[in-house]
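Undergrad: Have a look; sequence and predicted model below, questions after that.
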Amino acid sequence: MFVSYQDNGQVVISAGKLRAIKLILTIGIFVSISFAAVSSRLFSVIRFESIIHEFDPWFNFRATKYLVNNSYYDFLNWFDDKTWYPLGRVTGGTLYPGLMVTSSVIHGMLKACGLPIDIRNICVLLAPAFSSLTALAMFLLTMEVTNSSEAIVSRKTKLSSAFLSAIFMGITPGYISRSVAGSYDNEAIAITILMVTFYLWVKSVKLGSVFYSALTSVFYFYMVSAWGGYVFITNLIPLHVFVLLLMGRFDYKIYTSYTTWYILGTLMSMQIPFVGFLPIRSNDHMSSLGVFGLLQLVLLANYFKYTLSPEKYSRLMILFGVLVTALGVAALFTATKLGLIAPWTGRFYSLWDTSYAKIHIPIIASVSEHQPTPWSAFFFDLNFLIWLFPVGVWFCFQELTNEAIFIIIYSVLASYFAGVMVRLMLTLAPVVCVCGAITVGKLFDNYLTFKEFLSEQADESEKPSESKAKSTKTNWVNFISKALVSVSFIFYLFFYVYHCTWVTSNAYSSPSVVLASRNPDGSQLLIDDYREAYYWLRMNTAEDAKVMSWWDYGYQIGGMADRTTFVDNNTWNNTHIATVGKAMSVDERKAEVIMRRLGVDYILVIFGGLIGYSGDDINKFLWMVRISEGIWPEEVNERTYFTDRGEYRVDDGATDAMKNSLMYKLSFYRFGDVFGTNDAMDRVRNQRLSSSYARSIHLDTVEEVFTSENWIVRLYKLKPEDNLGRDLITVGENERKAAGKKSKRLSSKKPNLDVRV
Amino acid sequence: MRLSLVLALIFNLAALVFAGPAVKGATLVIYDPKLSKLSDYDNFVKSLDDVKAVEIGSSDIALFINGIRMFENLVILPSKVRSISPHVGVKELVEYVNDGGNLFGVTSSAGAQLDLEKFLGEVGIYTNAKFKLFDHFNEDSTKEGSVLIKDPEFQNKIVVPSSVDQISYSGSAALLSNSEYLIPILKAPKTSYTYNAAIGPVGSDSVWTSGDQGYLIVSFQALNNARVTWLGDDNLIKDSKYDNLAKDLVSWTFQYRGVIKSVSTSHENVVTGLESYKVKDFAKYEIEISQWSSEENTWVPFEADDVQVEFIMLDPYQRVNANVTSSDEEKTLFTAVFQIPDQHGMFTFSVDYKRPGLSFIDEKIVVPVRHLANDEYPRSWEITNSWVYLTSAVAVIIVWFAFVTVFIFSGKAPLVEDGKKKN
């Protein structure tokens, strides 16, 4: 039907039909890629339920609900009185609204279509949905990069390279780690927008089109509204232009696209309240401003080049260069000195010196995703692409088109940053996929073609017999070597899919709100302590109760228990966090003063000692100590929490500072009771608390109100002040003393009193 | 048949459980007949309402039955018996006060109930009946071992408004802790001291108080407004000379006087009239306070000029006097108007009115103070400083348009002639 046979045996297909078949195939491939990308992200929904994961997503979810229930105006000016008590948080002005707006728009559109879907399901499934768009953007980017050059990838394999990059991106664990269903985080949509912006940028540089660069800036604006990582674009594009300038590639296409992008993009990005005036003040944005200025100078120089005589021109240029450099450096220094532009921020330093944060800013270092990347993570997240990546970059060097240079710069920058911080692996993944796809495409271009071999086999019969033997031999060697390489790469591809699925399933699909474990008989056991405790809070405490906990759990308490928190994952006020850290680190008497001043009602601690859950508060305790030591070095001292031999002990041999600290007491209070007369065993730190010691841990100013099934979450209530004006700790001590012996006599010893004032 | 039996059984059991207290009433007086008969206190007891008097040690005495407090007021008279009753100890006394019950405790040199003394120790009144007050400069010649206090000065006029010519005191003196809830009424004379007669007057172990370090009458008001008064000498309630003093102490302790309450509190934004605020708004806070008048047996307006309102976020940002703006038959309205600071956050309107002798008022309302919304800032042209920038922006636009127009309509004639360029 589609084909016709000619007399000589050739098959003929009309061009129209061929195009149709190609289109169907393309669509089919895309549908499959989307299907693969989406379905591999659904592990958590199937295993657990449609639930928001981890920490930050809970805030995003809460903010989205606020946006859906109120107007955009309310959202923009949202003053959140349920977090950072009593400071409150200007939430509307300190978040990136892109994610919430996106899902509320989707929600509204579906509702308008007559599909009223619960906002939670939209939030849960947003990341998988966007991942298929990312694959599409990836396809376009790879096409664009390889389009104008034969040397990078030959014309006929362009499409397969692009498809490969799409599927690589669709399922690479480096990206899945931030975009499984339920991982409702900024990165979920930001990577998609990042890829679209890069695609449009590459395209606009190629065409010099105002339209495409305006589109670039629109997507740049979307990116700014969605994720703080927009700074990556803000620096990568100027760097690209700068390198092109150094290479003498200046032309009006670059001028048009960059200036259009910079002016529109900067103006638009300033509309986001959280960004505000940063683009003209912060050092992160200075490179784009500098390149913008440089472009104007280069344009001027270009003009002079054609109007002046060469020697005049060169003299002018030298003078000009010196002047500009001197002025620029002087301006930078004065502006920094005068405070017109923000001083170099800590986060900026920690990008260059990985140990900087650990020494100077404990609050940044305490986040696990800000730690330097271990080598194994590269293989874990990118599999065989990581060793194809350099090859792909090498291919880009084969013909240095503007697009290839962009990819090279991108890979250099992203590799460095991915090495600095674990979470920046996310920005490395796309370029690795592009380069990997180029390599595999090129490889298959050379090795997966057996046309020659087949035609020669067919021709063999017509050849004379002497040369026949020789050519057959080389033919076969050729064939076998080609087949060997192809088969091994097909195996790698297969293994890639296998690895990605395994990693996704085992490492990235846990909601971390619900923990999965195994019963002795191998059946699955869900540990649901978090939600149990949050639900208890929601149901049993006053609506305006304030819950103190370490900041990790702030968003979850706000999202799941709907109670006021003191500190949360938006770590905007270091002092407030340090205050909470201090309350946890010091003894009960000092802690009580802090808690009363803050207005604490309940205290929530995470304790994993009973079932061996290692992410508990005692393991995070040193961060609390360090952060509060940063502000009150004379009251809190990290060294005192370690024994003389430098051990971090929680058993009988723990230091006094440790034993007296509120956090320690809250964690181990009544822990001994579980073990009866046996010694209490902390299964996380593998330390044994003697029975008598475990029982002697007591609390006077707070009382236990709830402990979850596996003791992971423990809730305490701050006792009200004593009605008779006594000191709660003294009352407790007296009670413990009296419990032993019942004295029926009044001591005739004079009480030891302070002078009455 | 069987059902009725079961029902009867249940009723019987219920009757057992809810047998109720043997003694019940507004005021319980516990006395020790071995020290002095109840009739010795006739003067005092008659002044009380709805009195049940029970001998100490009786197993009928229970302050709580099924968790319900049985008495409003409790009077414990001097006694040598160690235990008030099997059901009442220090713990129960603390619970009783924490539940809002008032306590009037009397000790004397003849005897002091042990649990009472221990309880007083808990609130910060340290007394010991073994120690006796002596003042060799002011001895009462009519009565051996008594200290004569001429023209005694009562420290708190709200608790004891009346005055007494002189007091002949025979009993112990108390040391006081620094508790802010204590209200000292009568200090020991400067020349007096308290010592243990069994050991003798010399030695630090022997002396309990010296000079006006000791107190003879002390009141106490707990956070929940329950009141406690301690008297070191039961003559002050036996002797009709001190009727006014005793009556003052009892009426204060049993909440007839010095009782105030806040009837209502409200706050509003002066401009909008709503209960929501943004930075630099003006807030109006109102509180209505009534005072109990036992003479009129009704609530009357409370008069004061020291009611303060605070606006707190960690620290007080405002602390202003609330003025009397109106008063009706029952209550006085205090109003404070002030500006909210230029600081957003969760602020607390707080009236923490704690005056010795008056019931405590502690009213707190937490309100969010939001920042300015995006359209609440002044527009750029309203700020004179911006005119420079606005002018330059407009100028650039105009010049650009002019330039484009000139550029388009200037034709293609070269600006510089070729001949000139070569030179």
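TA: Structure received. Residues are numbered from 1 along each chain as shown, chains lettered A, B, ... in the order given.

Undergrad: hey, let's count contacts and neighbours off CA atoms from now on
TA: Noted.

Undergrad: which one's the longest helix in the chain?
TA: I'll assume chain A. Criterion DSSP state H: the longest helix present in chain A is helix A:465-506.

Undergrad: wrong one, chain B
TA: The single longest helix within chain B, with elements called by DSSP H, is helix B:387-409.

Undergrad: touching chain A at all, it?
TA: No - contact between helix B:387-409 and chain A is absent, the nearest approach being 14.7 Å (criterion: CA under 8 Å from any CA of the partner chain).

Undergrad: Which strands or helices does that helix pack on?
TA: Using 3 or more CA pairs under 8 Å, 6 or more residues apart in numbering or on different chains; DSSP states H and E as the contact test, no helix or strand touches helix B:387-409.

Undergrad: what about that helix, distance to the chain center?
TA: Between the mean C-alpha point of helix B:387-409 and the mean C-alpha point of its chain there is a distance of 72 Å (CA atoms, centre = their mean, to the nearest Å).

Undergrad: returning to what we had before: after the longest helix of chain A, which helix or strand is next? Please name it.
TA: Once helix A:465-506 ends, the next helix or strand along the chain (criterion: DSSP states H and E) is strand A:515-518.

Undergrad: Export only the CA atoms of that following strand, formatted as CSV.
TA: Output of strand A:515-518 as CSV, limited to C-alpha atoms (Å, rounded to 0.1, in the frame of the first residue of the first chain):
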residue,chain,number,x,y,z
LEU,A,515,9.5,5.5,56.0
ALA,A,516,9.6,2.0,54.6
SER,A,517,11.1,-0.9,56.4
ARG,A,518,10.9,-4.7,56.3
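
Undergrad: For that strand, the averaged confidence score.
TA: Averaging pLDDT along strand A:515-518 gives 80.

Undergrad: Next, the residues that contact that strand from outside, please.
TA: Applying CA atoms under 8 Å, 6 or more residues apart in numbering or on different chains, the contact partners of strand A:515-518 are A:Ser510, A:Gln524, A:Leu525, A:Leu526, A:Ile527, A:Asp528.

Undergrad: ok, of those, which come out buried?
TA: When burial is judged by neighbour count using 16 or more other CA atoms under 10 Å in any protein chain shown, the buried members of those are A:Ser510, A:Ile527, A:Asp528.

Undergrad: Go through these and name the one nearest chain B.
TA: Chain B has its nearest neighbour among the buried ones among the contacts of strand A:515-518 in A:Asp528, at 32.9 Å by CA to the nearest CA.

Undergrad: how close does the closest residue to the closest one other than its chain neighbours sit to chain B?
TA: Spatial nearest neighbour of A:Asp528, excluding adjacent residues (CA to CA, 6 or more residues apart in numbering or on different chains): A:Val514 at 5.0 Å. Computed with CA to the nearest CA, to the nearest Å, the distance linking A:Val514 and chain B is 33 Å.

Undergrad: Bridged to A:Val12, which residues?
TA: When assigned by DSSP bridges, A:Val12 has beta-bridge partners A:Ser4.

Undergrad: doesn't A:Leu18 make contact with it?
TA: No - in this structure A:Val12 lies outside contact range of A:Leu18 using CA atoms under 8 Å: 10.0 Å.

Undergrad: What residues sit buried inside stretch A:428-447?
TA: Buried residues in stretch A:428-447, counted by 16+ other CA under 10 Å: A:428-445, A:447.

Undergrad: and if you look at stretch B:205-212?
TA: Going by 16+ other CA under 10 Å, stretch B:205-212 has these buried residues: B:Ser206, B:Val207, B:Trp208, B:Thr209, B:Ser210, B:Asp212.

Undergrad: now swap in stretch A:378-385 and tell me
TA: Using 16+ other CA under 10 Å as the test for burial, stretch A:378-385 gives A:Phe378, A:Phe380, A:Asp381, A:Leu382, A:Asn383, A:Phe384, A:Leu385.

Undergrad: List the contacts of that stretch.
TA: A:172-174, A:386, A:425, A:429, A:432-433, A:436, A:492, A:496, A:499-500, A:503.

Undergrad: what distance separates it from the centre of its chain?
TA: Here stretch A:378-385 shows a centroid-to-chain-centroid distance of 17 Å under the convention CA atoms, centre = their mean.

Undergrad: now stretch A:275-285
TA: Relative to the centre of its chain, stretch A:275-285 is centred 22 Å away, using CA atoms, centre = their mean.

Undergrad: list the contacts for A:Ile611?
TA: A:Arg683, A:Val684, A:Asn710, A:Trp711, A:Ile712.

Undergrad: I should have written A:Tyr553 there, sorry.
TA: Residues touching A:Tyr553, when contacts are defined by CA under 8 Å, 6+ apart, comprise A:Phe55, A:Asp568, A:Asn569.

Undergrad: For the first one, which residues are in contact?
TA: Residues near A:Phe55 by CA under 8 Å, 6+ apart: A:Asp552, A:Tyr553, A:Tyr555, A:Gln556, A:Asn569.
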